[in-house]
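Trainee: the sequence and its predicted three-dimensional model are supplied below.
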Amino acid sequence: MSKSDRKKASKAFHEKCFDEMDKIGRELQLALAEKNDQKAYESQLLRKIQATEAERNSKLQQAIALKEAALAENKKLHNEIRQLQQQLESVNVSTQDNIPWNDVQPILHQTHGELVSATTRYWNAIDALQNRRLASYLPGSGVIHGNWMEQYDPLGALGHNSLPGFTESGNPSSSNQQMPGANNVFDSFV
């Protein structure tokens, strides 16, 4: 091979090397651009997941507050019913059947209606909590975990037709309470 042929071959080889380097440089730029796009997508997805998680935590806190309020209202109504029963018993003892049924019946109906209404509100609140929890297991909800704080609640196993029991230690005993006088609620009966 002559010197000029070697020079041409060397020049062609160098040009081919530069072409390959340009090609590799373009492929590298494309790969970097694709990597940057993937990073941006993952970052956006992470922000979206964090926002969804924050919203879910906020809803959970609201549901817990609603449940606690419903439980407090149920306990209050239970205590009111007990007091009304004690008052009725004391009135029965003091009047010895002097009160006509027509006077007692409207009060009992009103008390019963209030109890049914409060119980309905209580179970509606519990149903709403359970529906939210069950809806989070649907495929579109994005929830992966299944461990909820409500599962460890003692009221979790109650049905719609049962009321929670209250222990004697949680309420004042009837021997420590003073018997209410007949002039409280039943003034019109005496």
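Mentor: Okay, I see it.
Trainee: contacts and neighbour counts: CA atoms only from here.
Mentor: Noted.
Trainee: where in the chain is pLDDT low?
Mentor: By pLDDT under 70, the low-scoring segments of the chain are 1, 95-99, 137-190.
Trainee: do that again at 80, thanks
Mentor: Residue ranges of the chain with pLDDT under 80: 1, 91-104, 133-190.
Trainee: in it, which spans are helices?
Mentor: For the chain, helices defined by DSSP state H occupy the ranges 3-95, 101-135.
Trainee: any chance of these in JSON lines, plus mean neighbour count?
Mentor: As requested, the helices of the chain are arranged in JSON lines below (neighbours: other C-alpha atoms under 10 Å):
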{"stretch": "helix 3-95", "mean neighbour count": "13"}
{"stretch": "helix 101-135", "mean neighbour count": "14"}
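Trainee: for residue 116, see how far away residue 129 is.
Mentor: Distance, residue 129 to residue 116, by C-alpha to C-alpha, to the nearest Å: 20 Å.
Trainee: before we move on, what about residue 109?
Mentor: 10 Å.
Trainee: equivalent analysis for residue 35, please.
Mentor: 62 Å.
Trainee: got it, and residue 106?
Mentor: 15 Å.
Trainee: and for residue 72?
Mentor: With C-alpha to C-alpha as the criterion, residue 72 and residue 116 are 16 Å apart.
Trainee: what does residue 33 give?
Mentor: Distance from residue 33 to residue 116, by C-alpha to C-alpha: 65 Å.
Trainee: could you do residue 126 as well?
Mentor: In terms of C-alpha to C-alpha, residue 126 sits 15 Å off from residue 116.
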